[in-house]
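Q: Here is my input; please provide its structure:
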Amino acid sequence: MNKHDHGNLTHWAERSDLAASFRWTARLNMHEAVGNHFSLAVNDSGTQFLMNPYLRHFSRIRASDLLLLDADNRDTLKGPNAPDPTAWGLHGSIHRTVPWARCLMHVHSVFATVLASLADSIIQPIDQNTAMFFDRLVVDDQFGGMAFEDEGTRCAAMMTDPRKKTIVLGNHGVLVVGATVAETFNRLYYFERAAETYIRALQTGQPLRVLSDEVAEKTAQEWETYGDFDQRHLSELREILDEEGSDYAS
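A: Next up is the predicted model:
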């Protein structure tokens, strides 16, 4: 299938954005083998969503590969093209019950997972990237095993504040949510950068220069009103992929 022949597939713009985000996440080595999952709601209630197919490497995912699933279809895992059951447990539970969480990106990236392994998984605001997440994290400290249905339902119940779009899954990884693929991928990118800065600062053993709450909150709000930065970020990545002849949008 070429970029201009979409067959009977719908939501092509959304599929292409999501496919590009998979490709770039793999390039940044933030994926994990053939696991980890991204999803995007495509109906008003959020219950119908696109998600990557079972056991497909992020670096090979194309727009046409993405599954279109219904969170209310309890027979989804019985079908011939069923998704990863842990992805269904986590993403399906959230899309079923948290309509404002339109896009979900879950990875076990190195620094986010190191942060999730600390007894205190809150990032202190020590630069403008870490300040982006000031008072905007949810920390799950009740890890109960792989994210099958019960674990997914428990995680979905923690998502009660639309301001807090980054969930540090203790002993597990990170889940980032947003309204669009561009917003969510940008947040995922910056969270890994923030986690790396914070972890590396802790590794020095030196006292941290922590921003005041007032400056940290001001900086976080400035990020939230920083024009179309997130959309331009994704657009530039797609331009690079296009220039390289990538088949992500096929």
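
Q: Mind listing what's buried along the helix or strand bottoming out on mean pLDDT in the chain?
A: Least confident element among the helices and strands of the chain, by mean pLDDT, DSSP states H and E: helix 149-157 (a mean of 85). For helix 149-157, the neighbour count (16 or more other Cβ atoms under 10 Å) marks Glu149, Glu151, Gly152, Thr153, Arg154, Cys155, Ala156 as buried. In short, each C-beta sits where N, CA and C put it, glycine included.

Q: just checking, Asn73 is part of a helix?
A: No - in this structure, Asn73 is coil, not part of a helix, as judged by DSSP: H, G, I helix; E, B strand; the rest coil.

Q: I'd like the distance from the least confident helix or strand of the chain to the chain centre, please.
A: 17 Å (Cα atoms, centre = their mean, to the nearest Å).

Q: got the contact list for the residue nearest to the spatial centre of the chain?
A: Centroid-nearest residue in the chain: Met105, 1.8 Å away (criterion: Cα atoms, centre = their mean). Contact analysis of Met105 by Cβ atoms under 8 Å, 6 or more residues apart in numbering lists Ser21, Thr25, Phe38, Leu175, Val176, Val177, Thr184, Phe185, Leu188.

Q: same thing but at 10 Å, please
A: 18, 21-22, 25, 30, 36-40, 91, 174-178, 181, 184-185, 187-189, 191 (Cβ atoms under 10 Å, 6 or more residues apart in numbering).

Q: CA-only coordinates of whichever strand or helix holds Ile240, as PDB, when you get a sec.
A: If you go by DSSP states H and E, Ile240 is part of helix 229-243. C-alpha atoms of helix 229-243 as PDB (Å, rounded to 0.1, in the frame of the first residue of the first chain):
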ATOM      1  CA  PHE A 229       5.500  23.600  19.700                       C
ATOM      2  CA  ASP A 230       4.300  20.000  20.000                       C
ATOM      3  CA  GLN A 231       2.700  19.900  16.600                       C
ATOM      4  CA  ARG A 232       5.800  21.500  15.000                       C
ATOM      5  CA  HIS A 233       7.900  18.900  16.800                       C
ATOM      6  CA  LEU A 234       6.000  16.000  15.300                       C
ATOM      7  CA  SER A 235       5.700  17.700  11.900                       C
ATOM      8  CA  GLU A 236       9.500  18.100  11.700                       C
ATOM      9  CA  LEU A 237      10.000  14.400  12.600                       C
ATOM     10  CA  ARG A 238       7.600  13.400   9.900                       C
ATOM     11  CA  GLU A 239       9.500  15.600   7.400                       C
ATOM     12  CA  ILE A 240      12.700  13.800   8.300                       C
ATOM     13  CA  LEU A 241      11.100  10.400   7.900                       C
ATOM     14  CA  ASP A 242       9.600  11.400   4.600                       C
ATOM     15  CA  GLU A 243      13.000  12.700   3.300                       C
END
